Every structure is written in structure tokens, then in C-alpha cells.
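# Structure, please.
(chains A and B)
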Number of protein chains: 2
Amino acid sequence: MAMALHSVVCNGAAARCDEGTVQLQNGPQTQDSIIPVLTLSEVMTRLQEESKAGKYRGFRSMYSSVVGAITTDVAAMVIPLDDHMVHRGHSVFDTAVLINGYLYELDAHLDRFLRSAAKAKITPPVDQAAMREILLQTAAAAHCRDGILRYWLSCGRGGFELSTKGCDQATFYAIVLDENHVDDKFDCGVKVITTSVPIKPQDFATMKSTNYLPNALVLKEAEERGAYAGIWLDDEGFIAESQNMNVAFVSKDGNLLVPSFEKILSGCTARRILELVPQFIRDGAVPGLNGTEMKKISLEEAKDATEMMLIGSGMMIVPVVAWDDEPVGNGKPGPITLALWQLARQDMMEGPAGIRTEVNPQISG
Amino acid sequence: MAMALHSVVCNGAAARCDEGTVQLQNGPQTQDSIIPVLTLSEVMTRLQEESKAGKYRGFRSMYSSVVGAITTDVAAMVIPLDDHMVHRGHSVFDTAVLINGYLYELDAHLDRFLRSAAKAKITPPVDQAAMREILLQTAAAAHCRDGILRYWLSCGRGGFELSTKGCDQATFYAIVLDENHVDDKFDCGVKVITTSVPIKPQDFATMKSTNYLPNALVLKEAEERGAYAGIWLDDEGFIAESQNMNVAFVSKDGNLLVPSFEKILSGCTARRILELVPQFIRDGAVPGLNGTEMKKISLEEAKDATEMMLIGSGMMIVPVVAWDDEPVGNGKPGPITLALWQLARQDMMEGPAGIRTEVNPQISG
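Numbers count the residues shown, from 1 in each chain, chains lettered A, B, ... in the order given. So this is what the prediction gives:
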């Protein structure tokens, strides 16, 4: 029973049992011994070695309320295992794109973040203004002009039980990555499928919690089938959303159709576009676009649309050219979709002050 | 915009906005400055300070495949923020009770763990025998005779996108806590409610993923109403399970009724009890018990039962004496429930070798 682990590897202690001993399966660093028991500084040294990998280069700054500080050292971008965010998913999140030194729609995202927190029965440790300031300082410490800000609120540390009775205080985490997808080109459009993964119940689909396993499995299924996204239908068979973007259509009479947010996540970018469309129409900026409709959309109505698009805060708008292997419209990105993408992007770059929040690198410690 | 955070606290950087400055809301350590940007060693020092709190005393040993090692230092019991377990809940977990130096039903739990992993499309970094050995060594390093072992498998590190394309390898974590609830006394029984929180779709309810926000909210609702647990009904209105235990009943004709596992988590302890009952009946060990039935149980049939109990790996069996403020049976713990608890506990303490796995403290490094 007390057989030794013949080989232990750093980065995935990988071993295989074979005739009473446990042998190496994969991984580069081996040692003939039982699993080492390490001190804090030894663990940190290993995390430092790990963090040298190129894939972590974009992790610019992280804030953790557990330490009450920001760090720019990837090895220190950790969260205690006992945080209920880690082991129970009792947490919510949101994002904001950093572009040209400004955070786009930060307040709309923060408002949604706090609505999600209330639904998850998490009481933030500080108020919205203080969280906003923490996010701005974390962004400033990232010292990058373009990127993405992600942040989480958890019911906190307090043992491993399911109950939150042991959690003294909610925890707040944020990270800034120097990558974004605003300039990703989708000239050819993307394919989507209708997913076979069941949709979350309404109470949970309308909350941006970290319980994203269903969303991850929708995307995995789509990727396995060579598609970019999976489309969920709701419990009544109406169009819902994709794994992490809203979906919208252009009807034959030139209306932008967006599914009602009643049973899905309220999309900040979709809301912003709906807000802007009347002005676009007045300006004649989107030829062929006559109005918007937010309503329950049947599969039949959706499949009859001339254009289809995904809308989200990362990529703004992505044209869909095929759905379940059938072409959407003429099988090319639609002209209204492309015009909306252009205008949405312009709003992100040059929109009004209330929509864009400047990050001041001066405030970074 | 670049206003300074007047006060930042360690342990929940708590601040409140007031007339253009951000002020302390709560927390002991303050400093008049913007949020500090800390090095790795400074972050570790703060984690060490934090980890001195009494509530972490029971965290005995943790294994992390990221560092390929065990640690007994609470401050080092961390997980990288970018692990998809943290930010997407793309992970599964399981447990085993450590009692008198033996892990109870380790293999049944490990089997379920790997079934959950397969459903979540996570490929373990090592095989089952190697994982088992890692768990035994982690338990050995805990140097305690009684406790609970918890472990997680995640699709791994690989940035913050929803896609797992960037995840090189699954990660595996385990912790041993020197607390368990096997000896918790429920002489008076507990109250339960029927929960208003929607149940997970079948595909997800049958998988022990870390997407436990619905479960946490069921428990929170129960606690708010002075109850010990909430009972979920399934989509057809049949009895499902509680937030983290199976539920069972004793019918008027002396049958132990257990809801079918088709739409709920397959309970290891409930399975074990179903396996043992024929022997108990042959031995006359449970007067009044005539057999078992695993089936769809209507609310009407359940409410007509003479006894009700919760079954789980932590507490084994907990008698329920009131449900939605109505007494169950005569409102006292049922005799069959109490006899089963006694026998289940005996199986845990003295059951056959295949059921109990000895932890050898000799193998601890």
C-alpha cells in the first residue's frame, strides 16, 4: 500500500501504476521518490518556474482583496483554494475591454456585475465606486493601452463546506490581460451550430456566475464540429444565446431582431447597439436597416433571416454565414452586420465620455 | 478620475467612496495611499499573515499538480487564478471521509470522480491508480487520523478564454482537513424545506462539477428559513435530492424508498446502504425494515412516508423530522433511520477491506 511514487513531475504530477510501483506517464522533470512535501518558499519557486512559460506573458496585473494589493508577478496571481469561488463556483464575474487607454462601457458592466452578485446572494466587500476605483488602479498598473479587464466577486474564504456561514467577507479579484479581440477579422464570417447541451434554468442564465461549465461544453461541442459557436434554444424552443455572446438577426424587412433578455444574460454590447440604432437610422449610416425588435424569436423566424450575427463585448459583432451547415442569407457576411460592426467599433474608439473611462497610468504604484 | 484610495485594507480591500475620495469601510489594517503593487514575496507574506487565522488550522495538507507537490503550509494552499476551475467552473470534485486512519469508500468516490470528469470532457493528467496514490500520500502528509479528503480535477490552466484550446493539461488538486462530521449528533432530527431554487438539467445534476451555485443557494434558502436542507423536485415533480445529500424515505409497509439516480447525483453512501440492506434484513438488524425500492417517488408518496432521512458521505444519515413545517411521521427521528445510521457508521469503522483504505503515515515525505 505504501508503494513509492517512482516518478513525480512538476506541472501535472503524472504517474502510472505498474506492478506495484507508480511510474512516469508524461512530463519532463522526474525524481525517484515519493511526492515531495514543500514549504511555502519552495512552492513559490515552483510557481515562478511555471510562470515563465510564454503563455503567461499577457497577464499584466492582478488585484486580490485577500492580500489587499495589486501584483504584476504572474507567480503571485493566485487565489486561496478555500475561496468558495474555487470549489463551489459561488461567484460572479464581468469584463471590460481596454482600448487605446480607455475602458469601454465599464459602468454598464459593473452595474450588471452587481446585479449578478445580488442574484447570487453575495454582498460586495466595498461599494461600487470603490470597486470601480480598484479596477482603474489595476488597469493602470498593467501599463498597457489595449487589453481586457476581468473581475470576480466571490462569497469568499471560509472552509470547504457548501454553506457560506463560515465566509466572513466577500472577496474581489481582477486581472488585466494585454490581449483583446477587437481587431480580430471575420471577413469570411463564422459557422454556428444549434447546441445539444441543455440551457441553464432562467434564474441562472440571467446571472453572470462562474458556473460556466455548460457554456464551456457548448463551445467544446461547437469546436468539435468545426464551428465558432453553439446556439442555445430556451425551454420553449425560442432562440436564446450562444455560449458567451448574444445572437441577433436581420429580418427580410430590415429589422434588427434581438431575443428578449428575459431568459438569457443581458448583453452590455447588444444593449448599447440597440441604443445606438435609432441614431444610425437617422444618419442613414446603415443602409437597409429600418428598426429594432426585441422579442421572442422562433427557430423558423430566425432561419428565415437574411443576416445573423453574434454580439459580445470582446469581438463586438461577428457575422454568421452558416448555421447547422445551412447558409445564412447568401452565405456571406451581411452588409447590415458589417456596417453595425464598423459603427460599434467606432463607438468603442470614439464614443462619448460616459461610455469610455480613461485609465490613468499616473495612479499606478 | 485618478483619485487615491485613501484606505486599503488587507483582507478585503474595503473602501467607500465619499466626496471624491475612497474611504475605509471596514477591516483592521489601513494605509493612506493608492493600492500597493506587491512583489511575489510581499504577496506571500500577506498570505502568511492571513493564514494565521484560527479558521485555517484544520487545513492539513494540499496536493497541487501545478507544483507537483504536497504542502502543509496554509499560505501555499493556492491555485493559479487562470485555472479554468477558478474562472469557468470547468472542473469536477469528490471527497472521502478519513476515519481512524482509513479512507472510507475511496474507490467508489474515485470511480464517480472519473465518471464526472468524462461528462465534463476533462482528460485526467494521470490514471486512476496514480491519482489514488497521490490522494493516499496527501492524506499521509496530513498526519491526522480523522478528517475529510477533498479533490478536484480541472481542465487546467490556459488563459481566461472560455475555450479549453489553450489548456495544455488537466490539473489535479487535493486537500485534507482535520474535521469531519461523522460523530455529529442529530438526536432531535432536522427540518427541511422544498426549495424554490430551480434544479439543474439532468446532464449537469448527474455530474459532480464545481458548478455548485444552485446547491449553495438551496442551502442558503434553507438556512434563512431555519432549516437544515432544501429538497429539490425534478422537472416532472418527483423527489430529487437535497443540496448535497441524497434523500430517502421509509414507507408505511417498511420499505426504504430511494429516488432513482437517473436525474440526480449517484450517491456513494446511498448506494452502499442499498447494498447492505439485504444483509441487515437477513440479520434482523433493522426491525421493521422489509426491503428497498429505488424508483420515481411522487411528492404525495414521500409525504405519506413514516420516516425521512438525508444520506451523504459526511454525516452518513441524518433523520428528518419536519418538512415544510409539517412533521414527518410522529415528528421524531424514525427507528429505522436511527438503526441504519448506527449500521452505516459501523460499516465505516469496521467494514471490509475493500471499503476502507488504510493511510500509511510512513509514506509521508
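
# Just the pLDDT for the closest residue to chain B within the stretch 101-250 of chain A.
Of all residues in the stretch 101-250 of chain A, the one sitting closest to chain B is A:Ala129 (3.0 Å; Cβ to the nearest Cβ). Placement of C-beta: from N, CA and C, glycine included. A:Ala129 carries a pLDDT value of 96.

# and the closest residue to A:Ala322 other than its chain neighbours, helix, strand or coil?
In space, and not counting its chain neighbours, A:Ala322 is closest to A:Lys191: 4.3 Å by Cβ to Cβ, 6 or more residues apart in numbering or on different chains. Here A:Lys191 is strand, with the state taken from DSSP: H, G, I helix; E, B strand; the rest coil.

# Could you pull up the contacting residues of A:Lys191?
A:Gly226, A:Ala227, A:Tyr228, A:Val320, A:Val321, A:Ala322, A:Trp323, A:Asp325 (Cβ atoms under 8 Å, 6 or more residues apart in numbering or on different chains).

# List buried residues within those.
Those of the contacts of A:Lys191 that meet the buried threshold are A:Ala227, A:Tyr228, A:Val320, A:Val321, A:Ala322, A:Trp323, by 16 or more other Cβ atoms under 10 Å in any protein chain shown.

# Which ones among the residues you listed lie within strands?
Counting by DSSP state E, the buried ones among the contacts of A:Lys191 place A:Val320, A:Val321, A:Ala322, A:Trp323 in strands.

# Quick check: residues of the stretch 201-350 of chain A near chain B?
Contacts of the stretch 201-350 of chain A with chain B, taken as Cβ under 8 Å from any Cβ of the partner chain, map to A:201-204, A:209-217, A:219-220, A:223, A:243-244.

# Swap in 7 Å and give it another go.
By Cβ under 7 Å from any Cβ of the partner chain, the residues of the stretch 201-350 of chain A that approach chain B are A:201, A:203-204, A:209-217, A:219-220, A:223, A:243-244.

# buried subset of those residues?
Neighbour-count burial within these applies to A:201, A:204, A:209-217, A:219-220, A:243-244; the criterion is 16+ other Cβ under 10 Å.

# now for those residues, which pair is the farthest apart?
Farthest pair in those (Cβ to Cβ) is A:Pro201 and A:Lys220. Separation: 21.0 Å.

# residue ranges with poor pLDDT in the stretch 251-365 of chain A?
The model of the stretch 251-365 of chain A has pLDDT under 70 over residues A:361-365.

# Strands of that one, start to end?
Under the criterion DSSP state E, counting those that start in this stretch, the stretch 251-365 of chain A contains strands at A:255-259, A:291-295, A:307-312, A:316-323, A:326-327, A:356-358.

# can you put those in TSV and add distance to B:Asn290?
TSV is the format used below for those (distance: least, Cβ to Cβ, whole Å):
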stretch	distance to B:Asn290
strand A:255-259	53
strand A:291-295	57
strand A:307-312	58
strand A:316-323	56
strand A:326-327	58
strand A:356-358	69
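
# Would you mind telling me which of those is nearest A:Leu162?
Of the strands of the stretch 251-365 of chain A, nearest to A:Leu162 by Cβ to Cβ is strand A:307-312, at 31.9 Å.

# Please name the strands paired to that closest one in the sheet, noting orientation.
strand A:246-250 (antiparallel), strand A:316-323 (antiparallel) (DSSP bridges).

# Distance of the closest residue to A:Lys295 other than its chain neighbours relative to A:Ala108?
Using Cβ to Cβ, 6+ apart and skipping the chain neighbours, the partner closest in space to A:Lys295 is A:Ser260 (5.8 Å). Distance from A:Ser260 to A:Ala108, counting by Cβ to Cβ, to the nearest Å: 18 Å.

# More neighbours: which of the two?
The neighbour comparison of A:Ser260 against A:Ala108 (other Cβ atoms under 10 Å in any protein chain shown) goes to A:Ala108, with 20 against 15.

# so the more buried one makes contact with A:Cys268?
Yes - using Cβ atoms under 7 Å, A:Ala108 is in contact with A:Cys268, at 4.5 Å.

# quick revisit: in helices, which of the buried ones among the residues of the stretch 201-350 of chain A next to chain B appear?
Among these, the members found in helices (DSSP state H) are A:Phe204, A:Leu213, A:Pro214, A:Asn215, A:Ala216, A:Leu217, A:Leu219, A:Lys220.

# quick one, what contacts the second one?
What it means is A:Leu213. Taking Cβ atoms under 7 Å, 6 or more residues apart in numbering or on different chains as the criterion, A:Leu213 is in contact with B:Gly89, B:His90, B:Ala120, B:Ser209, B:Asn211.

# Let's verify the closest residue to the first one other than its chain neighbours: helix, strand, or coil?
Taking Cβ to Cβ, 6+ apart, and ignoring the residues beside it in sequence, B:Gly89 has A:Gly89 as its nearest neighbour in space, at 4.1 Å. Classification of A:Gly89 using three-state DSSP returns coil.

# who touches A:Gly89 in this structure?
A:Gly89 makes contacts with A:Ser209, A:Thr210, A:Asn211, B:Gly89, B:Thr210, B:Asn211, B:Tyr212, B:Leu213, as judged by Cβ under 7 Å, 6+ apart.

# Please repeat the previous calculation with a cut-off of 6 Å.
A:Thr210, A:Asn211, B:Gly89, B:Thr210, B:Asn211, B:Tyr212, B:Leu213 (Cβ atoms under 6 Å, 6 or more residues apart in numbering or on different chains).

# Can you give me the pLDDT of the fifth one?
Spelled out, it's B:Asn211. If you check B:Asn211, the pLDDT there is 98.

# and the nearest residue to it once chain neighbours are set aside, what is it in contact with?
Among residues not flanking B:Asn211 along the chain, A:Asn211 sits closest, at 3.8 Å (Cβ to Cβ, 6+ apart). Each residue near A:Asn211 by Cβ under 6 Å, 6+ apart is listed here: A:Gly89, B:Gly89, B:Asn211, B:Leu213.
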